[in-house]
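Student: structure of the sequence below:
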Amino acid sequence: MSVIKKVTCHVVSTPIERPFTSSRGWLYKTRGSCIVEIETQDGTVGWGECYGPSHVARSFIDTQFAQRIIGRDPFDVEVIWEDLYNRIKDYGAKGMAIAAMSGIDIALWDIIGKSTGKPVHKLIGGAFRDTVTAYATGLYFIDMDRLIEEAVEEAQAYAQDGFSAIKMKIGLGSPKLDLARVEAVRKAIGDDIRLMVDANHCFTVPAAIRLGRELEKLDVEWFEEPISPEDIDGYVQVTQALDMAVAGGENEYTRWGFRDIVSRKAMDIIQPDLCAAGGFSECKKIAAMATAHGVECVPHAWGSVIGVAATLHFIAALPDQPPSFRPMPALFEFEQCENPFRDHLATEPILLVNGAVRIPTKPGLGIDIDRSVLKKYAV
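Tutor: Numbering: from 1, shown residues only. Now for the predicted structure:
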């Protein structure tokens, strides 16, 4: 097998036309990413993506990781993962160090798939499904004078596009306004479309429980990140107090980070991000641990088409949770905010068809990268 010859990080960024915000108050004015390109001596190229601030991920890869994997066999992907983790765990057991490792891991699995002529999902266990039901993530806060109206209009547009599930943002500093907004969206889309809410961890435990009980009356399917991710005891309280599912974990890392969440059933649904939590190698372990404890795994996805493709392969290889005659379909987070790296970075975009997205079937991640897009948006 040809060994790794070169590791390149492409930092890309672009302004967006309609900046948006969530309960955290950050105004998203740009979209960007750190794209990892790994090339072997025989010319095979694998692509990965790192979640979070792009320059930080590139710094970890350029200064800590790249030289440790040059000359190594990409098929030793988990050996490489453990080596990189042990290199930085004294100061990087969570956060950007793991996100940087995630980009490398995804790229290595892409190489393995291309080298064997198999899509990644065939290499990590096989496909339980060839399509996955998608839910639209959106309904951020844009026009502060039309918060309810804009949410209704956006939700109706997603329904018209064929989405059968929608996730909206809450956390406006007023539970009454949050409830009015969710109620208006529920009325607009009807009872047949699944509805979830995401608070981006802005509530206290008592406030989350009070609001959650009202959201249950609107048939909200899950309450995502109701409280701070550090407060596992608080999550246990919220999860036990509510009948609807509590979700979270997009900002958690590795099997060790998810261990207490899962073993204590602090959440009903965990949401590891392939580009943050450790790539395919680690997220398979996280998902297996969740299954063993009766916790659902619905991965978070936010990024370029590389992260989208990786998430689809991961979901393809997840068993039904729980297995049954007519299981609830797996869900894929199809974030809908403006993002040229999701829509244009691949020569063939990944599209919604009849409310679902097909799992890529070509070797590796199953996408071909348009290098002109990397060049156009390079930082």
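Student: so where do the helices sit in the chain?
Tutor: Using DSSP state H, the helices of the chain run over 54-60, 66-69, 77-92, 96-116, 120-123, 147-161, 175-189, 205-216, 232-241, 254-263, 279-292, 305-316, 340-343, 371-376.
Student: which other helices and strands does the fourth one contact?
Tutor: The one in question is helix 96-116. Other elements packing on helix 96-116 under the criterion 3 or more CB pairs under 8 Å, 6 or more residues apart in numbering; DSSP states H and E are strand 27-40, strand 45-50, helix 54-60, helix 77-92, helix 120-123, helix 279-292. Heads up, the C-betas are built off the backbone N, CA and C, glycines and all.
Student: nearest to A317, of those?
Tutor: With CB to CB as the criterion, A317 lies closest to helix 120-123 of the helices and strands packed on helix 96-116, at 4.9 Å.
Student: output that closest one as CSV, nothing but the C-alphas.
Tutor: What follows is helix 120-123, C-alpha atoms only, in CSV (Å, rounded to 0.1, in the frame of the first residue of the first chain):
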residue,chain,number,x,y,z
VAL,A,120,-16.8,4.4,3.4
HIS,A,121,-20.1,2.9,4.8
LYS,A,122,-19.1,-0.5,3.4
LEU,A,123,-15.9,-0.3,5.3
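Student: what's the average pLDDT for that helix?
Tutor: Summarised as a single mean, pLDDT over helix 120-123 is 98.
Student: how about residues contacting it?
Tutor: Residues outside helix 120-123 that contact it (CB atoms under 8 Å, 6 or more residues apart in numbering) are 109-110, 112-113, 116, 127, 280, 310, 313-314, 316-317, 359, 364-366.
Student: how about that helix: buried residues?
Tutor: By neighbour count with 16 or more other CB atoms under 10 Å, helix 120-123 contains the buried residues V120, H121, K122, L123.
Student: between those residues, which sits nearest S372?
Tutor: Set against S372, the nearest of the buried residues of helix 120-123 by CB to CB is V120 (25.0 Å).
Student: re the thing from before, so which of the contacts of helix 120-123 comes closest to A245?
Tutor: Distances from A245 to those, taken by CB to CB, are shortest for F314, at 19.9 Å.
Student: pretty sure the closest one is touching C283, no?
Tutor: Yes - in this structure, F314 is within contact of C283 by CB atoms under 8 Å, at 6.0 Å.
Student: which residues are in contact with each of those two?
Tutor: Shared contacts of F314 and C283 (CB under 8 Å, 6+ apart): L274, P299.
Student: what about the two, which has more around it?
Tutor: Neighbours were counted for F314 and for C283 using other CB atoms under 10 Å; C283 has more, 30 against 26.
Student: report pLDDT for the more buried one.
Tutor: For C283, the predicted pLDDT is 98.
Student: give me the pLDDT for the residue lying closest to K6 once chain neighbours are set aside.
Tutor: Excluding its sequence neighbours, the residue lying closest to K6 (CB to CB, 6 or more residues apart in numbering) is E39, at 4.5 Å. In this model, E39 is scored at 98, pLDDT.
Student: list the contacts of E39.
Tutor: Here E39 is in contact with I4, K5, K6, V7, T8, V45, G46 (criterion: CB under 8 Å, 6+ apart).
Student: please apply the same query to I69.
Tutor: I4, V7, I38, I80, L84, I104.
Student: just send the helices and strands packed on helix 96-116 back as JSON lines, with distance to T254 too.
Tutor: Converted to JSON lines, the helices and strands packed on helix 96-116 look like this (distance: least, CB to CB, whole Å):
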{"stretch": "strand 27-40", "distance to T254": "18"}
{"stretch": "strand 45-50", "distance to T254": "15"}
{"stretch": "helix 54-60", "distance to T254": "15"}
{"stretch": "helix 77-92", "distance to T254": "8"}
{"stretch": "helix 120-123", "distance to T254": "20"}
{"stretch": "helix 279-292", "distance to T254": "6"}
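Student: OK, contacts around F65?
Tutor: With contact set as CB under 8 Å, 6+ apart, F65 has these partners: V7, L84, R87, A100, M101, I104.
Student: was I right about the last one contacting I61?
Tutor: Translated: I104. Yes - in this structure, I104 is within contact of I61 by CB under 8 Å, at 6.8 Å.
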